[in-house]
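J.: no sequence on this one, just coordinates:
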């Protein structure tokens with residue numbers, strides 16, 4: 001693993017657009033860059049990394065022109081945008097479009113019909129790892145009901161929070177490696193290992209003693225990882241983690257998993273004005289590989305928006321955030337005028353941290369050190385620290401799924417054939433040649449889909465999908481998987497330990513109602529339980545006919561096949577425009 005650091009950045013300057021019909025151009029180029037001081041080939045968007053933040057108003061009709069000057073095929077997915085009535089703009093090669101060839105361009109058109117925080121990124125192979133991503137912010141319409149009155153009943157506070165939301169700071173937390181995505185995937189294939197590595201962008205490389213890093217690893221992980229970590233906080237290559245498949249350690253690139261080299265880079269800073277009383281931060285995880293946890297020293301955070309929709313605000317001190325997830329928070333500016341550290345740490349995987357500063361205007365010269373809620377390993381420093389309960393995020397205003405679904409599917413997640421290959425059902429892979437396939441949207445019977453896992457649904461029906469996490473021999477450890485659903489959001493309706501042994505969710509509810517939530521969670525990304533044998537239940541409404549992807553958002557897992565195709569509404573298939 002190459003030198004380690006976190007990218008934590010306020011992304012570019014926002015392109016503020018107020019018209020009903022808006023247009024933006026993204027020019028993709030392959031250049032030499034050094035986000036953390038080490039040069040490599042990478043993707044720039046309009047000559048910047050990360051790409052420019054796109055800010056729209058709810059209801060805007062959006063046109064985005066993408067020009068591909070890269071030496072390979074690509075596509076751009078607008079993560080969390082539901083694409084109601086525009087499935088050809090979802091941005092997945094082989095499903096919603098042909099790949100954008102080198103030198104070609106593609107025009108995406110969609111309506112910003114839901115407010116909130118989103119992001120755009122590559123969806124061809126693992127090009128997120130090369131830098132193709134940026135933030136999207138859709139400002140709510142004037143008649144959207146905000147939940148700020150549930151944080152404070154003081155009218156002045158409510159108005160201050162509304163102003164803070166209008167001027168929110170967008171924070172992208174992402175991992176960065178010194179290998180290109182192709183070289184990284186080649187390392188997996190040649191070595192046979194499932195490599196978990198963080199080498200991030202803006203910030204510094206912190207090298208610590210392996211014994212110190214090992215002591216910082218969460219206790220539940222130490223039960224399984226019994227050998228010391230490397231000097232980069234990486235897990236050793238143990239059979240209990242990698243399984244009994246064939247491995248070739250000599251094929252690992254030099255320095256990939258150990259051999260930390262420190263560096264000093266710039267630190268992102270945010271200036272907040274205490275006169276404003278409140279500040280808002282929108283966190284986006286653009287991580288390719290790592291689960292994260294975020295916190296701001298001495299400042300409780302009121303989480304008020306999740307994956308682009310308001311929730312009943314939850315007061316917390318730390319937020320676990322997985323690949324593709326978004327959380328918006330309010331903080332009260334009532335502390336001493338000084339600088340406070342924003343911390344982003346690994347969450348149960350690599351022991352690593354990155355930092356930014358949140359500085360009160362007028363407190364720039366105050367030398368005091370802020371007190372953390374989490375340590376370098378992402379573990380709470382005090383028993384009083386409250387982590388976000390991700391199974392209790394009541395949508396605001398309330399929204400509920402149908403009581404009973406029309407269709408049921410059980411998927412078993414895990415490794416197959418090798419340490420680094422992953423599947424959603426234990427047998428099938430998402431095709432590796434999506435960028436050369438006839439898009440399924442053009443032809444739902446596309447021959448390229450024959451060997452892949454797919455589900456066909458009818459329009460205006462409700463579908464239940466159970467994700468069963470199992471630990472088959474010889475692998476005794478499996479990471480959590482952030483499962484992202486394209487198109488409209490879905491409901492997380494329940495979870496449980498052990499195997500899902502029922503033939504339907506209704507049967508499960510009749511026998512084990514305690515495993516199901518009184519208030520389902522409504523979002524576009526759902527995380528399976530770490531380790532052990534466990535399941536989660538998702539329910540969604542088929543209301544947007546088209547070919548969409550359901551997949552693990554850990555880039556190496558998706559690239560190795562951990563995804564499936566949703567052929568939604570086959571009885572009302574859309575006619576694709578030229």
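T.: Thanks, I have it. Source: prediction; values computed, not measured.
J.: you'd agree residue 395 is up against residue 305?
T.: No - contact criterion Cβ atoms under 8 Å: residue 395 and residue 305 do not qualify, at 10.5 Å. In this view, the C-beta of every residue, glycine as well, is placed from N, C-alpha and C.
J.: Return every residue with contacts to both of these two.
T.: Common neighbours of residue 395 and residue 305, counting by Cβ atoms under 8 Å, 6 or more residues apart in numbering, are residue 311.
J.: And the two? Which one has more around it.
T.: The neighbour count for residue 395 versus residue 305, taken as other Cβ atoms under 10 Å, is higher for residue 305 (26 against 20).
J.: residue contacts, the more buried one?
T.: 116-117, 282, 311, 326-328.
J.: how many other residues sit next to residue 141?
T.: Counted with other Cβ under 10 Å, the neighbours of residue 141 add up to 10.
J.: which stretches of the stretch 51-200 of the chain have low pLDDT?
T.: For the stretch 51-200 of the chain, residues meeting the criterion pLDDT under 70 lie at 188-200.
J.: For it, which segments count as strands?
T.: For the stretch 51-200 of the chain, the strands defined by DSSP state E, counting those that start in this stretch occupy 54-57, 61-69, 76-79, 105-111, 116-122, 133-139, 169-174.
J.: Tell me which of those sits nearest to residue 216.
T.: strand 169-174 (18.9 Å; Cβ to Cβ).
J.: for that closest one, packing partners?
T.: Applying 3 or more Cβ pairs under 8 Å, 6 or more residues apart in numbering; DSSP states H and E, one finds that strand 169-174 makes contact with strand 7-10, strand 133-139, strand 278-285.
J.: Dump these into CSV; add mean neighbour count and distance to residue 172 as well.
T.: Listed next are the helices and strands packed on strand 169-174 as CSV, based on neighbours: other Cβ atoms under 10 Å; distance: least, Cβ to Cβ, whole Å:
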stretch, mean neighbour count, distance to residue 172
strand 7-10, 22, 6
strand 133-139, 24, 6
strand 278-285, 25, 5
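J.: For these, give me TSV that also has distance to residue 112.
T.: As requested, the helices and strands packed on strand 169-174 are exported to TSV (distance: least, Cβ to Cβ, whole Å):
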stretch	distance to residue 112
strand 7-10	22
strand 133-139	5
strand 278-285	16
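J.: Out of those, which is closest to residue 483?
T.: strand 278-285 (14.0 Å).
J.: Direction included, what does that closest one pair up with?
T.: strand 169-174 (parallel), strand 326-332 (antiparallel) (DSSP bridges).
J.: What are the contacting residues of the longest one?
T.: Defining contact as Cβ under 8 Å, 6+ apart, one finds that strand 326-332 is touched by 80, 116-119, 148, 151, 161, 164-165, 168, 277-285, 294, 296, 299-308, 313, 319, 321, 358, 388.
J.: And the next helix or strand past it?
T.: strand 339-346 (DSSP states H and E).
J.: Listing partners with orientation, what would you give for that following strand?
T.: Partners of strand 339-346 in its sheet, by DSSP bridges: strand 292-296 (antiparallel), strand 353-360 (antiparallel).
J.: Can I get those strands in a markdown table including mean neighbour count?
T.: Formatted as a markdown table, the strands paired with strand 339-346 follow (neighbours: other Cβ atoms under 10 Å):
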| stretch | mean neighbour count |
| --- | --- |
| strand 292-296 | 26 |
| strand 353-360 | 22 |
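J.: now, of the strands of the stretch 51-200 of the chain, which is deepest in the fold?
T.: Comparing the strands of the stretch 51-200 of the chain by mean neighbour count (mean count of other Cβ atoms under 10 Å), strand 76-79 ranks first with a mean of 26.
J.: Please enumerate the helices of the chain.
T.: Using DSSP state H, the helices of the chain run over 155-166, 181-191, 210-216, 219-222, 239-242, 505-511, 555-559.
J.: now, of the ones you listed, which is deepest in the fold?
T.: Of the helices of the chain, the one with the most neighbours on average (mean count of other Cβ under 10 Å) is helix 555-559, at a mean of 24.
J.: for that helix, packing partners?
T.: Using 3+ Cβ pairs under 8 Å, 6+ apart, the elements in contact with helix 555-559 are helix 181-191.
J.: Residue 131 touches residue 43, doesn't it?
T.: Yes - with contact defined as Cβ under 8 Å, residue 131 reaches residue 43; the gap is 4.2 Å.
J.: The closest residue to residue 123 other than its chain neighbours pairs with what?
T.: Closest residue to residue 123 apart from its sequence neighbours, by Cβ to Cβ, 6 or more residues apart in numbering: residue 77 at 3.8 Å. Beta-bridge partners for residue 77, by DSSP bridges, are residue 121.
J.: And residue 57, by the same measure?
T.: Residues in beta-bridge contact with residue 57 (DSSP bridges): residue 139.
J.: So it sits against residue 139, correct?
T.: Yes - taking Cβ under 8 Å as the definition, residue 57 is a contact partner of residue 139 at 5.1 Å.
J.: Geometric centre of the chain: which residue is closest?
T.: residue 324 (1.5 Å; Cα atoms, centre = their mean).
J.: My guess is it contacts residue 526. True?
T.: No - contact criterion Cβ under 8 Å: residue 324 and residue 526 do not qualify, at 10.4 Å.
J.: who touches both of those two?
T.: What both residue 324 and residue 526 touch, as defined by Cβ under 8 Å, 6+ apart, is the set residue 482.
J.: ok now stretch 171-183, how far from the chain's centre?
T.: Relative to its parent chain, stretch 171-183 has a centroid offset of 14 Å by Cα atoms, centre = their mean, to the nearest Å.
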